[in-house]
Every structure is written in structure tokens, then in C-alpha cells.
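Asks: Would you be able to build a 3D model of this:
(one chain, ligands or ions: 1)
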Amino acid sequence: MSYRAPSGIAHSAGDTPSIAVSQHETWMFRAIELARRAQGRTDPNPAVGAVVVRSGRLLGEGFHERAGAPHAEPNAIAQARSRGHVLVGATLYVTLEPCSSWGRTPPCTDLIIHERLGRVVVGATDPNPRHRGRAYALLRGAGIEVIVGVLAEACVALNPVFHARFGATSPAAASPVTVFDDEKLSARSTLGQYDALAQLR
Ligand SMILES: [Zn+2]
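Replies: Residues are numbered from 1 along each chain as shown. Below you'll find the model as predicted:
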């Protein structure tokens, strides 16, 4: 199966999406468009796009430009902040499950919790068994609504090599099924790091 973008879909703030396309799909499609800008330039990381929305209005958007650079989520949040928007309770759309462990940058899951977003809508689940579904438990544990699998096939198709590496090439295979060790998760909490970053802004 291949994904084809719905025609006539509107992306600018305040536009009404086609009746055949849900709000979630509309915004996820925008996130996919953003991710595509970096396709082929993020290795070994996946190409990821994100948008922050409130009440049908785009607050900020971003994508992961290259390995070592900020991930899509902090870029989208930073843009929203730079425009003077309050992020508390807003919805984040992201093409791939937010990272939940330290890489070259702090985990985006912590940033989302720190900013007190109200809802996270994810396209594809991170296929890495070490991460798969982990962010969902952390976010839900923080009282944030999590919706998974919006335009999942298209989101998986953004990074075929990344998903194939873990044998998860279909949305079904990318579904979150894992067991969590809550003690380890809380021990690794790094919210303080984001407080420090916030001071620098
Ligand atoms: Zn991240």
C-alpha cells in the first residue's frame, strides 16, 4: 500500500480541513511535509517533523535537520515560544514517537512533559525495542493524552531503512507493545536539564 496525500488539504492556521480528512491527519500531514525536507540528511537518525497546534491554529513547527542538531519537537516548541505562544495544554503532532533517552541531545519526552503540553499525536512508533512505546508510558504517566498511529504508514515510509533495521516496516509492526521498568524511567528523569536550558533562553 502506498500513501497519497489527500488533495485540497489546507495547512494554514484556521483553515477547515476536508470533511474526508480528520484534524489529526491534516496536522500530521504537515509534520510529514516538514520531515521530508530533511530526508537523506539525518543519518543515522530518522527524518522527523513536528507541529504544535492549539484550537486549530499552528503555533510552531520544526524538523530534525541533521544528526547532532535539535530534534523536531524542540524546534517546533522553540518556534512557538519565539512567537510568544503559551504551550501549556497545546497539542504536538510528531511523525515518530518522541525519544525518551539521552542521545546527543536531551530526551524530547522530558521537554514535552516540562512544557506541559496537553496532547501528543504520534505517527509511527519508534521501532527500536529499547524505546518502542516507552515515551507513551512516560507521557501518559505525566497526564498527557497520547494518540498513536495517525498516518502511520506514511510516517514509517519517511524512514524505511530506520524501520527495517528493527524489522518494523508496517504500521502494525510499529505498534507499541512493550514492558516498562518504571523505577528505571523515573531514575533517569532529566527535567532539571530543561529547567537549565529554559534559564538560558
Ligand atoms: Zn527527540
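
Asks: got a list of contacts for stretch 138-146?
Replies: Contacts made with stretch 138-146 from outside it, assessed by CB atoms under 8 Å, 6 or more residues apart in numbering, are listed as 98, 100, 109, 112-113, 117-122, 136, 182, 185. All C-beta atoms are positioned from the backbone trio N, CA, C, and that covers glycine.

Asks: what do you get for stretch 73-87?
Replies: With CB under 8 Å, 6+ apart, stretch 73-87 has contacts from 48, 50-52, 54, 59-65, 70, 90, 92, 94, 98, 105, 108, 111-112, 115-117, 201.

Asks: before we move on, back to that, near the ion, which of the contacts of stretch 138-146 show up?
Replies: The subset of the contacts of stretch 138-146 lying close to the ion, counting by CB under 5 Å from the ion, is empty.

Asks: Identify, from these, the entry nearest to the ion.
Replies: Nearest to the ion out of those is Pro98 (CB to the ion; 5.5 Å).

Asks: Taking the contacts of stretch 138-146 together, which two end up most distant?
Replies: Val121 and Asp182 (23.8 Å; CB to CB).

Asks: which one is the residue nearest the centre of the chain nearest to, not counting chain neighbours?
Replies: By CA atoms, centre = their mean, the mean C-alpha position of the chain lies nearest to Val94, the distance being 2.6 Å. The shortest distance from Val94 to any non-neighbouring residue, by CB to CB, 6 or more residues apart in numbering, is to Ala50 (4.2 Å).
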